[in-house]
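Novice: With the sequence up front, the predicted model follows.
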Amino acid sequence: MPEKSMAAVVHFALKPGAVELRELPRPRDVADDEVLLRTGAVGVCGSEVHQYHNTHSWRVNVPVVLGHEFCGVVARAGKAVRGFREGDRVTSETAARICGQCIYCRTGEYNLCPDRLGFGYGVDGAMAEFVKAPARCLHHLPDSVPFEKAALTEPCSVAYNATCVKTHIRPGDSALVFGPGPIGLLCLALAKLSGAGWLGVAGLEQDARRLDVARRTGADRTMVIGKEDQGPVLEAVRALGDGLGVDVVIDATGHSSTLKTAMAAVRPGGQITKVGWGPQPLDFSLDPLVQKAARLQGSFSHNFLVWEKAIALLASAKLDPASLVGRVEPLANWRACFDEMASGQIVKGVLKPA
């Protein structure tokens, strides 16, 4: 019998625009510890837009099927899989390959495993009708969370790790978020849930629609800045309280230069958490960080407990990412989501391969 095929969005070369819809063979066999998922929905991540434009700063094993924010239904389970069976609604973490033996894997921080490979850049992802995933990546999905929202569990988990684990926000703290993309807006929502008193969001002129979403999400003030003009942020910070700066800065941009403004905006003894990727080298001094005795930290990915917390928030509707989704499209219309995210017309696109 002829092998069944499926449509998939494939990143096929390391050059601008090297993404296209292709027909690929459907996955057939699964390993003993794997499941085959029929993809219910898959979110489009800003990282995939970067891969499309070849502006990413991480290694990509091309050709590779894109898609690491996904959920679906178990179509087949390997013989060693326990706790999941055919027909279960699930969402999946992104750490598709880990060594399982290093200190990070053995202590539950497998997101930091040196051998980690993720869906959509290291191994084939879920912008396809079917995707294979290790059973250890799966989480049961409550019936109250539809696939269109469940596809955003991964960015919710990224934001939860940055805002609620790596950053210590106390009720009444002031918090400033750079970058009103999906992660920045979810960090904003989680900072509000954590009790932050004043919330500010800064973005570029092209982010006007995203800043509208930020105001609806709870931002007390939004600021339009230029890549070389950070004046509106510093003006807002100096007018706040004692004028010494904000307690927390979360940098969710893809521009390394934003860190300079973050150091100027944070108050002495404050915190800066960088969750956005930016390949540009720094061309400024880090002395303000020392002078203020401020803490600078990175936040990357997530782990099992973070996912359980994010799913609980989605199930309770205390965290609702629906306002971020500007387009829900079939897989064939992937380019519309990519282009509108790149231009700032929408915050987030979701694809439904089936």
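Specialist: Arrived safely.
Novice: any chance you could map the strands in the stretch 1-150 of the chain?
Specialist: Counting by DSSP state E, counting those that start in this stretch, the stretch 1-150 of the chain has strands at residues 5-11, 19-25, 34-43, 64-65, 69-77, 89-92, 95-97, 117-118, 130-134, 138-140.
Novice: Redo these as JSON lines? Include distance to residue 180.
Specialist: To be clear about C-beta, it is placed using only N, CA and C from the backbone, and glycine gets the same treatment. As requested, these are arranged in JSON lines below (distance: least, C-beta to C-beta, whole Å):
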{"stretch": "strand 5-11", "distance to residue 180": "25"}
{"stretch": "strand 19-25", "distance to residue 180": "24"}
{"stretch": "strand 34-43", "distance to residue 180": "17"}
{"stretch": "strand 64-65", "distance to residue 180": "29"}
{"stretch": "strand 69-77", "distance to residue 180": "18"}
{"stretch": "strand 89-92", "distance to residue 180": "25"}
{"stretch": "strand 95-97", "distance to residue 180": "27"}
{"stretch": "strand 117-118", "distance to residue 180": "24"}
{"stretch": "strand 130-134", "distance to residue 180": "30"}
{"stretch": "strand 138-140", "distance to residue 180": "28"}
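Novice: so can I have CSV of the ones you listed showing mean neighbour count?
Specialist: CSV is the format used below for these (neighbours: other C-beta atoms under 10 Å):
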stretch, mean neighbour count
strand 5-11, 21
strand 19-25, 15
strand 34-43, 24
strand 64-65, 20
strand 69-77, 24
strand 89-92, 24
strand 95-97, 20
strand 117-118, 17
strand 130-134, 23
strand 138-140, 18
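Novice: just so I know, which of these lies nearest residue 201?
Specialist: Closest of those to residue 201 is strand 34-43, at 20.7 Å (criterion: C-beta to C-beta).
Novice: Walk me through which strands the closest one pairs with, and which way each runs.
Specialist: Strand pairing for strand 34-43, using DSSP bridges, gives strand 69-77 (antiparallel), strand 130-134 (antiparallel), strand 348-352 (antiparallel).
Novice: The last one vs strand 5-11, what angle?
Specialist: Orientation check (axes from the mean of the first three to the mean of the last three C-alpha atoms, to 10 degrees): strand 348-352 against strand 5-11 gives 160 degrees.
Novice: avg pLDDT for strand 348-352?
Specialist: Regarding strand 348-352, the rounded mean pLDDT is 97.
Novice: Using PDB, write out every CA atom in the worst-scoring helix or strand of the chain on mean pLDDT.
Specialist: Lowest by mean pLDDT, DSSP states H and E among the helices and strands of the chain is helix 231-238, with a mean of 91. What follows is helix 231-238 as a C-alpha-only set of coordinates in PDB (Å, rounded to 0.1, in the frame of the first residue of the first chain):
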ATOM      1  CA  GLY A 231      13.600  58.500  26.900                       C
ATOM      2  CA  PRO A 232       9.800  57.700  27.500                       C
ATOM      3  CA  VAL A 233      10.700  54.800  29.700                       C
ATOM      4  CA  LEU A 234      13.100  56.800  31.900                       C
ATOM      5  CA  GLU A 235      10.700  59.600  32.100                       C
ATOM      6  CA  ALA A 236       7.900  57.300  33.300                       C
ATOM      7  CA  VAL A 237      10.100  55.600  35.800                       C
ATOM      8  CA  ARG A 238      11.400  58.900  37.300                       C
END
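Novice: Give the next helix or strand downstream of that helix.
Specialist: Sequence order places strand 246-251 as the next helix or strand after helix 231-238, per DSSP states H and E.
Novice: count of residues packed around residue 51?
Specialist: Residue 51 sits with 23 neighbouring residues when counted by other C-beta atoms under 10 Å.
Novice: Can you tell me how far it is from residue 277?
Specialist: When distance is defined by C-beta to C-beta, to the nearest Å, residue 51 is 12 Å away from residue 277.
Novice: what do these two both touch?
Specialist: Common contacts of residue 51 and residue 277 (C-beta atoms under 8 Å, 6 or more residues apart in numbering): none found.
Novice: Can you list the neighbours in contact with the least confident helix or strand of the chain?
Specialist: Outside helix 231-238, the residues within contact range by C-beta under 8 Å, 6+ apart are 176, 200, 202, 221, 223-225, 243, 245-246, 261, 264-265.
Novice: switch the cut-off to 7 Å
Specialist: With contact meaning C-beta atoms under 7 Å, 6 or more residues apart in numbering, helix 231-238 is reached by 200, 202, 221, 223, 224, 225, 245, 246, 261, 264, 265.
Novice: Is the closest residue to residue 170 other than its chain neighbours part of a helix or strand, or is it coil?
Specialist: The shortest distance from residue 170 to any non-neighbouring residue, by C-beta to C-beta, 6 or more residues apart in numbering, is to residue 195 (6.8 Å). Assigned by DSSP: H, G, I helix; E, B strand; the rest coil, the conformation of residue 195 is coil.
Novice: Quick check, pLDDT for residue 195.
Specialist: At residue 195, the predicted lDDT confidence score is 97.
Novice: wait, what's in contact with it?
Specialist: Going by C-beta under 7 Å, 6+ apart, residue 195 touches 169, 170, 171, 172.
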